[in-house]
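Engineer: sequence plus the predicted model coming up.
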Amino acid sequence: MRFLVLAIALAAATPAQAQFRLDINRLIDSARNVGRATTEFDEKGEIELGRDMAARLLGAAPLAADERLQRYVNQVGRWLASQTERADLPWRFGVLEAPQVNAFAVPGGIVFVTRGLVAGMRSEAELAGVLAHEIAHVLRKHHLAAIQKNAQASLAADALSIALSDRGSLAREKLIAFGTEMYARGLDKSDELEADRLGVVIAARAGYDAYGLPAVLQTLQAMNPEDSALALMFKTHPAPAERLESLEQKMQPTLDAYAAQPSLAERFAAEARVPK
């Protein structure tokens, strides 16, 4: 009965009253949108955060002083990124002077791979598979979502808003700390497996042998798990065997369909100075 009375009252309202209610609803919606805008990353904010995080990470491991290698990895990475829906991001790729075996991306399109990982590769298709996996994280905003989730749980809404808008604030420093700490903890397993699947697609779309990433995973699987160079990689990623099994279950038709594409082993050996 109460709902019937309300319906009759609304039907009997004057146009001015109806307009007033519509304006109030519009204002409420606008307020909600402003609230979301101040606690979520737009693309500009994503890029700026990524640059801040990259600067922090480079403090722990510098870029390798090898211009030819850096140029080569950037050429491969940018070609891969150009095949994606976020080709217009300011993509940058770098090789870190570190013996550890690892690769990671930061929001906004910056991707790093360690010299230790590159040294274990045998072809450009393998390099492309690893870079495509990291590109996939950026495309799906996996790191950004994890950072935002952590920040929303730890910072008040106004502090998060300040962190997004003021790059010199204490709140911003906390936000960057959340991000850099994440690389020691790792992403959710589902994010990593999704990046494997999408990475295979990106590499195949770019013209590489689709088995590049699985080949790297097989190399990792064959390495001694007690090797200290693998510690962080194994801590922050699912086991290579699990990743290979997931790719076999979900991507076997794609892998087989694009297995005949070039692996470019000789070019990789020449550009990355990897002994045959």
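Structural biologist: Yes, it's here. Note that the structure is a prediction, hence the values are computed from the model and not measured.

Engineer: so, low pLDDT: which residues of the stretch 151-276 of the chain?
Structural biologist: Within the stretch 151-276 of the chain, the ranges that satisfy pLDDT under 70 run 153-166, 168, 274-276.

Engineer: enumerate every residue touching Ala54.
Structural biologist: With contact set as C-beta atoms under 8 Å, 6 or more residues apart in numbering, Ala54 has these partners: 106, 110, 112. C-betas here are computed from N, CA, C, even on glycine.

Engineer: state the distance from the second one to Leu220.
Structural biologist: Right, Ile110. 23 Å (C-beta to C-beta, to the nearest Å).

Engineer: next: the first one.
Structural biologist: In this structure, Val106 and Leu220 are separated by 22 Å, where distance is defined by C-beta to C-beta.

Engineer: between Ile110 and Leu220, point out the one with more neighbours.
Structural biologist: Under the criterion of other C-beta atoms under 10 Å, the comparison of Ile110 against Leu220 puts Ile110 first, with 24 against 21.

Engineer: ok, now which ones touch the more buried one?
Structural biologist: Listed by C-beta under 8 Å, 6+ apart, the contact partners of Ile110 are 50-51, 54, 91-94.

Engineer: what about those residues, which are in strands?
Structural biologist: 92-94 (DSSP state E).

Engineer: I'd like those as JSON lines, with distance to Tyr258 and pLDDT appended.
Structural biologist: Below are these laid out as JSON lines (distance: C-beta to C-beta, whole Å; pLDDT from 0 to 100):
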{"residue": "Arg92", "distance to Tyr258": "27", "pLDDT": "98"}
{"residue": "Phe93", "distance to Tyr258": "22", "pLDDT": "98"}
{"residue": "Gly94", "distance to Tyr258": "27", "pLDDT": "97"}
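
Engineer: can you give me the helices in this structure?
Structural biologist: 2-12, 15-39, 43-58, 67-81, 115-119, 124-140, 142-154, 157-165, 170-185, 189-205, 212-222, 231-236, 240-257, 265-271 (DSSP state H).

Engineer: so of these, which one's packed in deepest?
Structural biologist: Of all the helices of the chain, helix 124-140 carries the top mean neighbour count, a mean of 26, counting by mean count of other C-beta atoms under 10 Å.

Engineer: got the CA coordinates for it in PDB?
Structural biologist: Extracted C-alpha coordinates of helix 124-140, given in PDB (Å, rounded to 0.1, in the frame of the first residue of the first chain):
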ATOM      1  CA  GLU A 124      64.400 -13.700 -30.000                       C
ATOM      2  CA  ALA A 125      61.100 -15.600 -29.800                       C
ATOM      3  CA  GLU A 126      62.000 -16.500 -26.200                       C
ATOM      4  CA  LEU A 127      62.800 -12.800 -25.400                       C
ATOM      5  CA  ALA A 128      59.500 -11.800 -27.100                       C
ATOM      6  CA  GLY A 129      57.600 -14.400 -25.000                       C
ATOM      7  CA  VAL A 130      58.900 -12.900 -21.800                       C
ATOM      8  CA  LEU A 131      58.400  -9.300 -22.800                       C
ATOM      9  CA  ALA A 132      54.900 -10.100 -24.100                       C
ATOM     10  CA  HIS A 133      54.000 -11.600 -20.700                       C
ATOM     11  CA  GLU A 134      55.000  -8.400 -19.000                       C
ATOM     12  CA  ILE A 135      53.200  -6.300 -21.600                       C
ATOM     13  CA  ALA A 136      50.100  -8.300 -20.800                       C
ATOM     14  CA  HIS A 137      50.300  -7.300 -17.100                       C
ATOM     15  CA  VAL A 138      50.300  -3.600 -18.200                       C
ATOM     16  CA  LEU A 139      47.400  -4.200 -20.600                       C
ATOM     17  CA  ARG A 140      45.300  -5.800 -17.900                       C
END
